[in-house]
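Asker: structure, please.
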Amino acid sequence: MRTPLALLSVSLGIVAAVWWWLAAPVTLARAPIDPAAKLECVSYAPFRGDQTPHNPDLIVSPDQIAEDLAVLAGITKCIRTYSIDNGLDKVPELASKVGLKVLLGVWLGRTRATNAILADKAISLARDHSGTVSAIIVGSEVLLRGDMIVSDLREIIRSVKQRANVPVTYADVWEFWLRHKEVAADVDFVTVHFLPYWEDVPVRAEEAAAHVDQVRLQVVAAFPGKEILIGETGWPSHGRMRDGALASRINQARFISDILGRAARDKFRVNLFEAYDEPWKRKWEGSVGAHWGSLDATDRKLKYPAGAEISNYPSWKLQLACGLAFCISVFGAGLLTLRLRPSPPPRASAWVAVAICATTGGVLLGIGVEKMLLESYGIGGWLLQGSLIAAGMAAPLLSAHALVAGRSLPTFFAVLSPADDRGPSPMTRSLGITLILTTLLATETALALVFDGRWRDFPFASLTMAVMPFFAVAMFNSAESGRRPLAECVFAGLFAVTAPYIALNEGAQNWQSLWTCAAYLVLGITLWRPRAVTFAETAADAVPAVVMEPAARG
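Answerer: Numbers count the residues shown, from 1 in each chain. Purely as a prediction, here's the structure:
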């Protein structure tokens, strides 16, 4: 008992140390959002929960909007909207009651008639609320999306400008403003989007504010005599990594603090993107699209109150406690097997392998569950993420049993063949079923990252929780003799091809990608390992020979 208890102590110490390091907070010199120094402006959309602007029948209630605006009035002077559909036409009236100015957005699309109707409505709202609507933003990133050509865009901007009683502008990313400078002739000021995370060459969070300021000066030089408004800039607090750009709470707070500090020092205007997190964007932009807000989507409160320390894992104590409990459970599964298992006793290396499974699970369980809660959207998303977590929790427990009992991984064929006395035991069959589930889930995520990877999250935590125990069993309890099963070899080959492609496509700085690809390769190595031939497989292979023998004699 001394060996497993000593290793359990080491594992618990490692889990605690890693979580202490992960949760280490920072205190910024300048608060990201300071009510004592209100924001110049912030992007606002009222959608909560399952509400989405893609539902044409949705009308957000005025009470819901008023509740949000009352909170925002305490931290900003102005809000920017993007549309007047879905009940947002009530924003100017409600904003006037709490002293907020409004940059009123007109969402332009491919349909001319709809664009004209929305433009007319925006002009009417600006006239009715002249003391509240400070400008009309005619279109947002329509050139970037390819929804309109430049000539059509300029035509509708001029039409609105001729009839509006407030300044008129258009908003797009800085690259498209520099590419289509002629649009500046039709606007009263230039509204430019700077999102370093989404650029073709993503910028690290530590360098992002300086990058925005540098490019802003290029835009200023390109449009002499025109006021430049930063119409969008921000950083996500959660989601997939892009090259070296990491979405995290600390990075979001740091970027907001840095860019607002530069704006105050150099006297330029910033509209921060965005006010509240928007869960509906997970369907269209992955989990990263849902986490650009400075306020939480659920409790509608600031993520980073002034003076508070900021951690990437604010619930780390609960995550640590769950990790420690899971670590103990994995060792418990091994000790229970030892109690029920006849001699000889397991080798010390078996307990080392159990410790690897327990430590990996103890560290990653809290991260995996958090990722599941933040990244899952729709039935398919919850099934995928939930199944990955279930496999990640089952694999260490079942592998601990196999390691102490001295059993190797079963083949897919043996697991899926009808159960009988000569087949795998129930525990070994459960281990094999979990391995099959992990392989299928890993295949789905790998192919998704290959063919539609821009919005996809990297399942590094839950996937590693599941893969490492199987790898440990394959390495420590390898079959003395056997062969490489065909099905396993096919999946191993798939991971051998997809993992390098994903790693190269995502870039050498993307540690989430590299970690995930390493997990794919480790799973591939596990599947490639030879397996013992079961009686069922031997009998199945013998059938063709028996059938063919009479024909051969004939």
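
Asker: SS state for the residue nearest to the spatial centre of the chain?
Answerer: Using CA atoms, centre = their mean, the residue of the chain that lies closest to the mean C-alpha position is Gly239, 2.6 Å off. Using DSSP: H, G, I helix; E, B strand; the rest coil, the three-state assignment for Gly239 comes out as coil.

Asker: can you tell me how far the residue nearest to it when sequence neighbours are not counted sits from Leu373?
Answerer: Excluding the flanking residues, the one nearest Gly239 by CB to CB, 6 or more residues apart in numbering is Val288, at 2.5 Å. Quick note: C-beta positions are derived from backbone N, CA and C, even for glycine. When distances are taken as CB to CB, to the nearest Å, Val288 and Leu373 turn out to be 15 Å apart.

Asker: swap in Asn312?
Answerer: Counting by CB to CB, the gap from Asn312 to Leu373 is 15 Å.

Asker: so between the two, which is more surrounded?
Answerer: Asn312 (19 against 12; other CB atoms under 10 Å).

Asker: read off the pLDDT value for that one.
Answerer: As predicted, Asn312 sits at a pLDDT of 96.

Asker: the one 5 residues further on too?
Answerer: Lys317 is assigned 97 on the pLDDT scale.

Asker: kindly report the same for the one 10 residues further on.
Answerer: Reading off the per-residue confidence, Cys327 sits at a pLDDT of 97.

Asker: and what of Arg30?
Answerer: The model reports Arg30 with a pLDDT of 85.

Asker: what number of residues lie near it?
Answerer: 15.

Asker: Ser11 too?
Answerer: Taking other CB under 10 Å as the neighbour definition, Ser11 ends up with a count of 26.

Asker: surely it meets Ala355?
Answerer: Yes. Ser11 is within contact range of Ala355, at 5.0 Å (criterion: CB atoms under 8 Å).

Asker: intersection of neighbour lists for these two?
Answerer: Phe331 (CB atoms under 8 Å, 6 or more residues apart in numbering).

Asker: dump stretch 509-529 to CSV, restricted to CA.
Answerer: These are the backbone C-alpha positions of stretch 509-529, laid out as CSV (Å, rounded to 0.1, in the frame of the first residue of the first chain):
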residue,chain,number,x,y,z
GLN,A,509,2.3,29.8,-31.6
ASN,A,510,-1.2,28.2,-31.1
TRP,A,511,-0.6,26.0,-28.1
GLN,A,512,-4.2,24.9,-27.9
SER,A,513,-3.9,23.5,-31.5
LEU,A,514,-0.5,21.9,-30.8
TRP,A,515,-1.8,20.3,-27.6
THR,A,516,-4.9,19.0,-29.3
CYS,A,517,-2.9,17.6,-32.2
ALA,A,518,-0.5,15.9,-29.8
ALA,A,519,-3.6,14.3,-28.2
TYR,A,520,-4.7,13.0,-31.6
LEU,A,521,-1.3,11.6,-32.3
VAL,A,522,-1.1,9.9,-28.9
LEU,A,523,-4.5,8.3,-29.6
GLY,A,524,-3.2,7.2,-33.0
ILE,A,525,-0.2,5.6,-31.4
THR,A,526,-2.5,3.9,-28.9
LEU,A,527,-4.7,2.5,-31.6
TRP,A,528,-1.6,1.4,-33.7
ARG,A,529,-0.3,-0.8,-30.9
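
Asker: show me where the stretch 51-200 of the chain has its helices.
Answerer: 62-72, 91-97, 112-128, 142-145, 150-163, 174-179 (DSSP state H, counting those that start in this stretch).

Asker: would JSON lines of those helices with mean pLDDT, distance to Ala17 and mean neighbour count be doable?
Answerer: Shown next, in JSON lines, are the helices of the stretch 51-200 of the chain (pLDDT from 0 to 100; distance: least, CB to CB, whole Å; neighbours: other CB atoms under 10 Å):
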{"stretch": "helix 62-72", "mean pLDDT": "97", "distance to Ala17": "39", "mean neighbour count": "17"}
{"stretch": "helix 91-97", "mean pLDDT": "97", "distance to Ala17": "49", "mean neighbour count": "20"}
{"stretch": "helix 112-128", "mean pLDDT": "96", "distance to Ala17": "56", "mean neighbour count": "17"}
{"stretch": "helix 142-145", "mean pLDDT": "96", "distance to Ala17": "45", "mean neighbour count": "18"}
{"stretch": "helix 150-163", "mean pLDDT": "96", "distance to Ala17": "56", "mean neighbour count": "17"}
{"stretch": "helix 174-179", "mean pLDDT": "97", "distance to Ala17": "43", "mean neighbour count": "17"}
